[in-house]
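A.B. asks: Got a sequence here, can you build the structure:
(chains A and B)
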Amino acid sequence: MAEPSAQEFACVDPDVGDRVFELERGDLDEPARRILEAHLDVCDHCKSIVDLDRRLADLVRDDGRVTRRRTLRRARVSLMAAASVVAAACLACLVLLPPRPVGPSQVLRGGTDAAFVRPVEGEVVAGAELGVRWTPIEGVESYRVQITRLSDGATVTERSESEQLRISGSDTLVEGDSYRLLLSTIPEDVVRPGEVSVTFRVGSKSDLITHRIRNAPFVVGLLGVLTLVLALATIPLHRITRSGRLRP
Amino acid sequence: MSDHETLHADVERYVHGDDVVGDAVCARLQPTVRATVERFFSPDDSDLDDIVQESLVSFLRYLRRAGEAPRNPEAFVVTIARNRCTNLALWRRRREASDVHELHDVLPHAAASPLELIDAEQRVALLRDALEALDAECRDLLIAIYRQEAPIETLRRLLGLGSVQAVYYRRDACLKKANQFLNRRLLVGRYGETRDRGSESAKEANETRDHG
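C.D. replies: Next up is the predicted model:
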């Protein structure tokens, strides 16, 4: 067989071929449509252009879908990362920040200048050891903290040179009992007797967690809601990217 | 009445339903078509008769479907035949190791789009190349139309064209450019290697690619 003399495709009737795309028009009259369809049937050149048009359209739309899917996936990953960070922050705040004070006399206790920092009023603590902190008071040489068990009135007094104290011993702090801390100073006339006090309860670890969650500070609640919103926002994105249901 | 006028008269009669004259039309056109195919391949090519026959049948079918005769029937049918030859040449080039006749049932029709001849992956790569080879204006227009990012009316305004129809004509022109690129790539090859058109065609193809 001789080598073919390669030619390019040519339109069999360029006057008609130039109008092939009018076939897309809905208002094309019947004779014109008939001629164009007949032309397309015999003209390999126009057929290849229409075929190319369709394939390019598919390619571009597929590319668009892939790009959109990639963008959505990136957005989903970003949202998930943000949700994780916010959740971690929420957890950290829950652990590190003191719970909201609860109880009938929370406003009065501690006065305005001097007050217990930890535990806060009504706080539930766990374990046989408790760290107590209070605000520094000017002109004080040392502090005395009186620990009173409310059930039987048993009292222990501890002395501290600084604004913190560690109370330990299973005899001192018994699970299930409520206690009151009363702060007094040396010299004694710096704060009024009974002015700086706080009440707390010793509970189990689950009591502690429940209390912390119930009385979490406002910022923890805010971060929790934000985590939830971000996590929920990833669900539709996940569904879309998984199912590939993207409009062209 | 000259041969040309007789042919025109016969074609008109066939268009208007005279089946008998179809044979006469074919008889008049056959030598020209055969000569065209012989020039393309060779007088002893095994597919010569099929191509001639198919081209003439396509022409008659066109006359009946369109309901009107082309201005130049000879040129019309010769172009049909030449396109068929080009298609077959592409087939042979792409399927050298296969006997096309044996694969008749599984392969698409020889007159199918040239893009059918290549594998899906290769086809996508070729389409991307064709899109890349276009000038930025054409490429952006096609992408905008295909992605349907904006209504045609908006595109018309952006392009500063007088009518929506003009947008379609512009798209048509862009597609023709892309098609030309594709055909050259299919016929000549990526790096301009060719069996028959030599360095001239290769140079043209490369120029097209470089231009893009």
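A.B. asks: Do a quick rundown of the strands in chain A.
C.D. replies: A:116-118, A:123-126, A:129-134, A:142-149, A:155-160, A:164-168, A:178-186, A:196-203 (DSSP state E).
A.B. asks: Which residues are in contact with the closest residue to A:Ser197 other than its chain neighbours?
C.D. replies: With sequence-adjacent residues excluded and distances taken as Cβ to Cβ, 6 or more residues apart in numbering or on different chains, A:Ser197 is closest to A:Leu182, at 4.7 Å. All C-beta spots, glycine's among them, are computed from the backbone N, C-alpha and C. Going by Cβ atoms under 8 Å, 6 or more residues apart in numbering or on different chains, A:Leu182 touches A:145-146, A:148, A:194, A:196-197.
A.B. asks: could you flag which of the residues you listed are buried?
C.D. replies: Buried by 16 or more other Cβ atoms under 10 Å in any protein chain shown: A:145, A:148, A:196-197, out of the contacts of A:Leu182.
A.B. asks: Next, count neighbours for residue 42.
C.D. replies: Because you didn't say which chain, this covers chain A. A count of neighbours around A:Val42, defined by other Cβ atoms under 10 Å in any protein chain shown, yields 27.
A.B. asks: Correction: the question concerned chain B.
C.D. replies: B:Ser42: 14 neighbours (other Cβ under 10 Å).
A.B. asks: That one belongs to a strand?
C.D. replies: No - applying DSSP: H, G, I helix; E, B strand; the rest coil, one finds B:Ser42 to be coil, outside a strand.
A.B. asks: Report the separation between B:Arg92 and chain A.
C.D. replies: 7 Å (Cβ to the nearest Cβ, to the nearest Å).
A.B. asks: what about that residue, helix or strand, and which?
C.D. replies: helix B:73-94 (DSSP states H and E).
A.B. asks: so who does A:Cys93 touch?
C.D. replies: A:Cys93 neighbours (Cβ under 8 Å, 6+ apart): A:216-217, A:219-220, A:223.
A.B. asks: and chain B, which of these contact it?
C.D. replies: For chain B, no contacts are drawn from these by Cβ under 8 Å from any Cβ of the partner chain.
A.B. asks: In JSON lines, list the residues you listed along with distance to A:Val102, neighbour count and pLDDT.
C.D. replies: Shown next, in JSON lines, are the contacts of A:Cys93 (distance: Cβ to Cβ, whole Å; neighbours: other Cβ atoms under 10 Å in any protein chain shown; pLDDT from 0 to 100):
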{"residue": "A:Ala216", "distance to A:Val102": "12", "neighbour count": "19", "pLDDT": "91"}
{"residue": "A:Pro217", "distance to A:Val102": "12", "neighbour count": "15", "pLDDT": "90"}
{"residue": "A:Val219", "distance to A:Val102": "17", "neighbour count": "13", "pLDDT": "92"}
{"residue": "A:Val220", "distance to A:Val102": "15", "neighbour count": "22", "pLDDT": "93"}
{"residue": "A:Leu223", "distance to A:Val102": "21", "neighbour count": "22", "pLDDT": "94"}
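A.B. asks: got the contact list for the residue most central in space within chain B?
C.D. replies: Residue closest to the average C-alpha location in chain B (Cα atoms, centre = their mean): B:Asn83, at 5.3 Å. Taking Cβ under 8 Å, 6+ apart, we find B:Asn83 in contact with A:9-10, A:12, A:43-45, B:111.
A.B. asks: what's A:Val174 sitting at in phi/psi?
C.D. replies: phi -110, psi 130 (degrees, to the nearest 10).
A.B. asks: List the contacts of the nearest residue to it once chain neighbours are set aside.
C.D. replies: Spatial nearest neighbour of A:Val174, chain neighbours left out: A:Val202 (6.3 Å); criterion: Cβ to Cβ, 6+ apart. By Cβ under 8 Å, 6+ apart, A:Val202 lies in contact with A:124-126, A:130, A:173-179.
A.B. asks: Quick check, pLDDT for A:Gly169.
C.D. replies: The model reports A:Gly169 with a pLDDT of 75.
A.B. asks: Hmm, A:Gly127 and it touching each other?
C.D. replies: No - contact status for A:Gly169 versus A:Gly127: not in contact, 11.2 Å apart, counting by Cβ atoms under 8 Å.
A.B. asks: Those two: who's more crowded?
C.D. replies: Comparing A:Gly169 with A:Gly127 by other Cβ under 10 Å, the one with more neighbours is A:Gly127, at 14 against 10.
A.B. asks: What separation is there between the more buried one and A:Asp27?
C.D. replies: 84 Å (Cβ to Cβ, to the nearest Å).
A.B. asks: next one: B:Cys26
C.D. replies: 37 Å.
A.B. asks: contacts for stretch B:144-160?
C.D. replies: A:56-57, A:60-61, A:64, A:248, B:141, B:163-164, B:166-167, B:170-171.
A.B. asks: go again using 6 Å as the cut-off
C.D. replies: For stretch B:144-160, the external contacting residues (Cβ atoms under 6 Å, 6 or more residues apart in numbering or on different chains) are A:57, A:60-61, A:64, B:164, B:167, B:171.
A.B. asks: Any of these buried? List them.
C.D. replies: Using 16+ other Cβ under 10 Å, the buried members of the contacts of stretch B:144-160 are A:57, A:60-61, A:64, B:167, B:171.
A.B. asks: May I ask which of these comes out lowest in pLDDT?
C.D. replies: A:Gly64 (82).
A.B. asks: Can you tell me the closest non-neighbouring residue to that one?
C.D. replies: B:Arg147 (5.2 Å).
A.B. asks: What number of residues are in the vicinity of that neighbour?
C.D. replies: 15.
A.B. asks: Distance check, it against A:Leu59.
C.D. replies: Counting by Cβ to Cβ - B:Arg147 and A:Leu59 are separated by 11 Å.
A.B. asks: and what of A:Pro119?
C.D. replies: Counting by Cβ to Cβ, the gap from A:Pro119 to A:Leu59 is 67 Å.
A.B. asks: neighbour count winner among the two?
C.D. replies: Taking neighbours as other Cβ under 10 Å, A:Pro119 and A:Leu59 compare with A:Pro119 leading, 23 against 18.
A.B. asks: and the closest residue to that one other than its chain neighbours, what pLDDT?
C.D. replies: Leaving aside its chain neighbours, A:Pro119 sits nearest to A:Phe200 (4.1 Å; criterion: Cβ to Cβ, 6+ apart). For A:Phe200, the model assigns a pLDDT of 92.
A.B. asks: repeat for A:Gly244
C.D. replies: Confidence at A:Gly244, expressed as pLDDT, is 54.
A.B. asks: got it, and the one 3 residues further on?
C.D. replies: In the prediction, the pLDDT value recorded for A:Arg247 is 46.
A.B. asks: Ok, A:Ala233 next?
C.D. replies: Taking A:Ala233 on its own, its pLDDT is 89.
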